[in-house]
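K.L.:
Give me the fold of what follows.
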Amino acid sequence: MRQVQKVLLLIENCSVPMDSRVWAEALTLRERGFQVSIIGPKGTNLDQESYVYLDGVHIYRYWSPPNSSNATAYVFEYGVAMVRTFLLSLKVLLRHGFDVIHVANPPDTYFVIGLFYRLLGKKFIFDQHDLSPELFQTKFSDRMPFLHRPLLFVERCSYRIAAVVITSNTTMKEFAIKRGHVCANKVFAVYNGVDLNRINRVTPEPALKHGRRFLLAFVGAMEVQDGVEYLLLALHTLVHERGRRDVSLVLMGDGDHAPVLRKLASELRLDEYVHFKGWTQAKDVARFLSAADVGLVPEPQNGLNEYCTLGKTLEYMAVSKPSVAFDLPETRRVAGDAALYARPNSAEDFADKIEILLNDEALREQMGAVGRKRIDEEFSWDHTKTELLRAYEALVSEKL
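P.N.:
Numbering: from 1, shown residues only. The predicted structure is shown next:
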């Protein structure tokens, strides 16, 4: 890999190292001998420095407008991010240099930055974390269907100018090949494998259960498309309809839907049972998950989540915890028998599956062991990173 030695990673929708996928990619490339720089937004309660040199990686961060469910604010956020990212990329170019610009979506509009640097002889990688046209439709409830075609256009532009396309699973790889008309030998599916140096089981701390027998856990973003309200509705069923006072719920994450969720928790009389932790450092995520009895995957069927590999599922499996999820194809493919599957978008059935696990310790242990075995054999980052390295080998070999 001598011709390509310096990589610039761009991300907009999460800070780094909070984004575990981008951070794992960065560390893998650094270990392989690349110089790595990253540009991304500042976090809300973490990742606030404008510049930090962390674990051998240069990280540059910019201020980004607060998240919003308003479409105009959404476009403004992306516009600000584009300008700030481009200006910082010039700084990185002058200070450190780079041979490859590796862009994680959303948004797909960063192909403009990639195109500019292609004119300067840089290689462009499109790392597709989400299907942006479907994401936008889901986030804004089809309120602006006229934007679907432009979103497909910018996705196609990202595919078109990329020397290599990386997707987060094989389902999305098929989208790149069929919808994007990308040659199959240019597309590499890199699953969101768990970095076991980051998330692994530790000694459980009973105090984290807040005095109750059972702890349910959720970790991840709290956006409209993530369905966290289903967890609150299911918990309401367990606590107030079925009389269970032995369970609490910890929510680790944040997003523009979080204020709505906090209000809903109060309306459902769940304040003493639900604990919002905000974005949480990896070591504390591992502590809470190790103390938990069941991990929760509330993403509903909505035309987007069916195609997504949800990192939280893998994190629960890494700490040998069973999970409850809605029955979506990609979730079932990854979790297998490590999860119980509720009827899509049914909070009542979700509560049923949680209660099955709470009432059967042996089943919890059995499913937890199955999940950890799947991590060790297929879904740890040590396994999934091989496709990332294959993508870079293809890029460097100049066969593409």
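K.L.:
Would you list the phi and psi of the residue lying closest to residue 346 once chain neighbours are set aside?
P.N.:
Among residues not flanking residue 346 along the chain, residue 326 sits closest, at 8.0 Å (Cβ to Cβ, 6 or more residues apart in numbering). In short, each C-beta sits where N, CA and C put it, glycine included. Phi and psi for residue 326, reported as degrees, to the nearest 10, are phi -70, psi 150.
K.L.:
which ones are touching residue 326?
P.N.:
If you count contacts by Cβ atoms under 8 Å, 6 or more residues apart in numbering, residue 326 has them with 227, 230, 297-301, 305, 341-346, 350.
K.L.:
which of these has the most neighbours?
P.N.:
residue 350 (30 neighbours; other Cβ atoms under 10 Å).
K.L.:
That one belongs to a helix?
P.N.:
Yes - according to DSSP: H, G, I helix; E, B strand; the rest coil, the state of residue 350 is that of a helix.
K.L.:
Let's see the pLDDT reported for it.
P.N.:
With respect to pLDDT, residue 350 scores 98.
K.L.:
separation between it and residue 207?
P.N.:
27 Å (Cβ to Cβ, to the nearest Å).
K.L.:
gap between the residue nearest to residue 346 and residue 364?
P.N.:
19 Å.
K.L.:
re the thing from before, just the ones in helices from the contacts of residue 326, please.
P.N.:
230, 350 (DSSP state H).
K.L.:
tell me which of the contacts of residue 326 is nearest to residue 115?
P.N.:
residue 305 (30.7 Å; Cβ to Cβ).
K.L.:
Now do the strands in the stretch 101-250 of the chain.
P.N.:
Along the stretch 101-250 of the chain, counting by DSSP state E, counting those that start in this stretch, strands occupy 123-128, 164-167, 187-189, 214-219, 247-252.
K.L.:
what about those, which gets the closest to residue 53?
P.N.:
strand 123-128 (22.7 Å).
K.L.:
returning to what we had before: just grab the bridge partners of the residue nearest to residue 346 for me.
P.N.:
Taking DSSP bridges as the rule, residue 326 bridges to residue 342.
K.L.:
for this protein, what spans make up the helices?
P.N.:
20-31, 71-95, 111-118, 132-139, 148-161, 170-178, 229-236, 258-267, 282-291, 311-318, 329-335, 347-358, 361-374, 381-397.
K.L.:
export those helices to TSV and tack on distance to residue 44?
P.N.:
Below are those laid out as TSV (distance: least, Cβ to Cβ, whole Å):
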stretch	distance to residue 44
helix 20-31	16
helix 71-95	14
helix 111-118	25
helix 132-139	19
helix 148-161	26
helix 170-178	28
helix 229-236	20
helix 258-267	10
helix 282-291	15
helix 311-318	18
helix 329-335	27
helix 347-358	28
helix 361-374	30
helix 381-397	25
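K.L.:
ok, now which ones touch residue 130?
P.N.:
Residues near residue 130 by Cβ under 8 Å, 6+ apart: 105-106, 168, 304, 308.
K.L.:
same deal with residue 156?
P.N.:
Counted by Cβ under 8 Å, 6+ apart, residue 156 has contacts 180-181.
K.L.:
Residue 349 too?
P.N.:
342-343 are the contacts of residue 349 under Cβ under 8 Å, 6+ apart.
K.L.:
mind running it again at 10 Å?
P.N.:
Contacts for residue 349 (Cβ atoms under 10 Å, 6 or more residues apart in numbering) come out as 234, 237, 324, 326-327, 340-343.
K.L.:
Can you report how many residues neighbour the nearest residue to residue 28 once chain neighbours are set aside?
P.N.:
Using Cβ to Cβ, 6+ apart and skipping residues adjacent in sequence, the residue nearest residue 28 is residue 385, 4.9 Å away. Residues within reach of residue 385, counting by other Cβ under 10 Å, total 21.
K.L.:
Residue 379 too?
P.N.:
22.
K.L.:
swap in residue 284?
P.N.:
Quick note: residue 284 (other Cβ under 10 Å) scores 12 neighbours.
K.L.:
isn't it right up against residue 252?
P.N.:
Yes - checked against Cβ atoms under 10 Å, the pair residue 284 and residue 252 is within contact range at 7.7 Å.
K.L.:
which residues do the two both contact?
P.N.:
residue 277.
K.L.:
one step back: could you check how far the residue nearest to residue 346 is from residue 230?
P.N.:
8 Å.
K.L.:
Quick check: the residue nearest to residue 346 vs residue 274, distance?
P.N.:
Taken as Cβ to Cβ, the span from residue 326 to residue 274 is 20 Å.
K.L.:
I figured residue 108 hits residue 165, correct?
P.N.:
No - counting by Cβ under 10 Å, residue 108 does not reach residue 165; the two are 11.7 Å apart.
K.L.:
Now do the shared contacts for these two.
P.N.:
Common neighbours of residue 108 and residue 165 (Cβ under 10 Å, 6+ apart) are 126, 128, 158-159.
K.L.:
Tell me the buried residues within the residues you listed.
P.N.:
126, 128, 158-159 (16 or more other Cβ atoms under 10 Å).
K.L.:
Let me know the closest of those to residue 82.
P.N.:
residue 158 (13.5 Å).
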